[in-house]
Structure formats: C-alpha cells, structure tokens
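Participant: got a sequence here, can you build the structure:
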Amino acid sequence: MYPFCKVLFVFVVLSSFSILAQSSDENNTPIDSTVTIRLEIKDGSTLIGKIESEDSTYISFNLLSNAIIKIEKSTILNRETVSSKIQNGEYWIEDPNKTRLFFAPTGRGLKSGNGYFSVYEIFFPMVAFGVLDYITISGGMSLFPGTDFQLVYLAPKITPFQNDKYAVSVGDFFVKFPDDKDYLNILYTVGTISFNKGAITFGVGYETYSKNPIFLIGGELRISRYAKLITENWFIADSDFNFMSFGLRFLGEHLAADFAFVIPLVDDNDIVLIPWIGFAYNF
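Facilitator: Now for the predicted structure:
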C-alpha cells in the first residue's frame, strides 16, 4: 500500500497546484498594466485603457479617464497595443492615409488586405490595395464631365523595408493621355523617417520621356488629436515646373481630408495660391 499512498500524495499535491492556479486566474490575476490597449467591441464601440486583470471570461479594464469597467471577453472583436499613440493622456488616432502626402507617395506601404479610395481635386479618383504587406497597387481614371479627354493612371509601389520609424519604397507613376503616343512615366524611390509627432519624406524620381530628375521633400507634423500639418515640395531639374505646398489634414478613424495651397515657383514676383482638396477613405 505504501507505493500507492505515495502516488496518491503526489497526485493530490499536483492537483492542489492546478486548482490554485485556476483560482488565481479566475480571481483576475493582475497582469502588465503599463501597456495601453485599444479594444474594439462587437457593438462598434472602441475603448482605450489598460488591462488591470483578466481571466478566461472577463477583463477588468481601466479607461484613460481612470474609470474601471468589466468587459466580457466574448464581446471583444479586436485588441491592439497603442501605447505609442497616447499623447498627454489622450489617444491620438493614426493617420489612415499615411502612405501619401497630399499626392506624392511616402516611403510607407499598405499592409496586405488594406486599401483606400481617394479623390483629388474632385476629378481624379484613385483606388489602392495592399498585397503581401510589401506591394501596393493603385490606379484610376479622371472624370472630366462632358468630354472624351480622360486620363488613365497607374501607380504600383514596392516597400521592401518598413517599421515604425523607417520606410523605403520604389515605384512607378504612369499616366496615359487620350492620344496613344502621349504618356507620362516617372520611376522613383522614396524614404520616410518618422518620429514622435511627425515625419520627413525624401524622394527622387526619373521621368523617362524628358529624362529630368525630380526631387521630393515632404514633411508631416501632428498638431492635435485630429489634425496634422503637411508640406509637399517638388523640384524638377532644368524645368520651370516646380512647386511648393502646405496645408492641413483632418483625421478620422478611416477618413482623411486634405485642404492645402499649391504655390508654383516661377520667375516673376507674383505669388499664386492654388487650392488643393483631397479625400481618402481607408478600408
């Protein structure tokens, strides 16, 4: 009987540890409460805060307002860490259209399965879609009313390297004019360096018809929870077609709206401000 009693003793001890561990989980054992989490609930609401404790059924959630609520885990659609997006105790949503400045691309690419529909200056719609996390395919056609003069444009982009701070892409911007022999084709490479509240973008392109190099300098600066400043500037070698731009982007969870002014750089002293309007809905 002694061996049997010894085995029984070991079994009881192991069972006790298992029961204690289970009880600890069911009593909402505290976890890392220094990480800020964003929870998407199935009813469409979004909660920002820190997890105080969690078991197999419920989460005790400390909101940014320091109110603590209990959430049934089966109602949670998605959770993600957003600690880097907290500014002065507020959750600043990410720019949903961060792959572009006003029109020019940044070094960032779309993730696989993500995409957006955009409209520039009312008449230039575009659709973009991310493939395999490092390939973005985009294109569209102008919608000039009452005329057959329409432009067709394609803009594939490859992003071989991308993280939270650095991103580098190479791509092509092709525009087909109504005349079969007229087109514009720009091969380019572009890089973006991101920091706490903004980013800087540098790019260089090559127009295959004129063979003139094109230089891009852009910048982004977050000024509030729902807005950022953007500047986009093009300089074309041996050409008078250079311009600068500055303006605002207003941010939503999926929608970005741009309002800016474009300033052509010409030899005379007159300053001309051309309004720029753009919208992008990300899905």
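Participant: what are the ranges of the helices in the stretch 1-150 of the chain?
Facilitator: Taking DSSP state H, counting those that start in this stretch as the criterion, the stretch 1-150 of the chain carries its helices at 2-26.
Participant: how about the strands in it?
Facilitator: All strands of the stretch 1-150 of the chain, identified by DSSP state E, counting those that start in this stretch, fall at 37-41, 46-54, 58-63, 68-72, 76-81, 86-87, 90-91, 115-120, 124-131, 135-141.
Participant: list the buried residues of whichever helix or strand comes after the last one.
Facilitator: For strand 135-141, the following helix or strand on the C-terminal side (DSSP states H and E) is strand 152-154. Of the residues in strand 152-154, Y153 count as buried by neighbour count, 16 or more other C-beta atoms under 10 Å. All C-beta atoms are positioned from the backbone trio N, CA, C, and that covers glycine.
Participant: what lines up beside strand 152-154 in the sheet?
Facilitator: strand 135-141 (antiparallel), strand 166-176 (antiparallel) (DSSP bridges).
Participant: average pLDDT for that strand?
Facilitator: Strand 152-154 carries an average pLDDT of 96.
Participant: tell me what whatever helix or strand comes next after that strand is packed against?
Facilitator: If you walk from strand 152-154 toward the C-terminus, the next helix or strand you reach (DSSP H and E) is strand 157-162. Counting contacts by 3 or more C-beta pairs under 8 Å, 6 or more residues apart in numbering; DSSP states H and E, the secondary-structure elements packed against strand 157-162 are strand 135-141, strand 166-176.
Participant: could you dump those to a markdown table with mean pLDDT?
Facilitator: Formatted as a markdown table, the entries for the helices and strands packed on strand 157-162 read as follows, by pLDDT from 0 to 100:
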| stretch | mean pLDDT |
| --- | --- |
| strand 135-141 | 97 |
| strand 166-176 | 97 |
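Participant: could you dump those to a markdown table with mean neighbour count and distance to P213?
Facilitator: A markdown table is the format used below for the helices and strands packed on strand 157-162 (neighbours: other C-beta atoms under 10 Å; distance: least, C-beta to C-beta, whole Å):
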| stretch | mean neighbour count | distance to P213 |
| --- | --- | --- |
| strand 135-141 | 18 | 23 |
| strand 166-176 | 18 | 14 |
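Participant: could the ones you listed go into a markdown table alongside distance to F117?
Facilitator: Rendered in a markdown table, the data for the helices and strands packed on strand 157-162 read as follows (distance: least, C-beta to C-beta, whole Å):
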| stretch | distance to F117 |
| --- | --- |
| strand 135-141 | 9 |
| strand 166-176 | 18 |
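Participant: out of those strands, which gets nearest to G203?
Facilitator: Taking C-beta to C-beta as the criterion, G203 comes closest to strand 166-176 out of the helices and strands packed on strand 157-162, the separation being 8.9 Å.
Participant: alpha carbons of the helix or strand following the closest one, in CSV - could you do that?
Facilitator: Heading C-terminal from strand 166-176, the first helix or strand you meet, by DSSP H and E, is strand 183-195. Taking only C-alpha atoms (Å, rounded to 0.1, in the frame of the first residue of the first chain), the coordinates of strand 183-195 have been written out as CSV:
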residue,chain,number,x,y,z
TYR,A,183,2.1,59.4,-71.7
LEU,A,184,4.0,60.4,-68.6
ASN,A,185,6.1,57.8,-66.7
ILE,A,186,8.0,58.5,-63.5
LEU,A,187,10.2,55.9,-61.8
TYR,A,188,11.0,56.8,-58.2
THR,A,189,12.4,55.8,-54.9
VAL,A,190,11.2,57.4,-51.7
GLY,A,191,12.0,57.1,-48.0
THR,A,192,10.3,58.3,-44.8
ILE,A,193,11.7,58.9,-41.4
SER,A,194,9.0,59.0,-38.6
PHE,A,195,9.4,60.5,-35.2
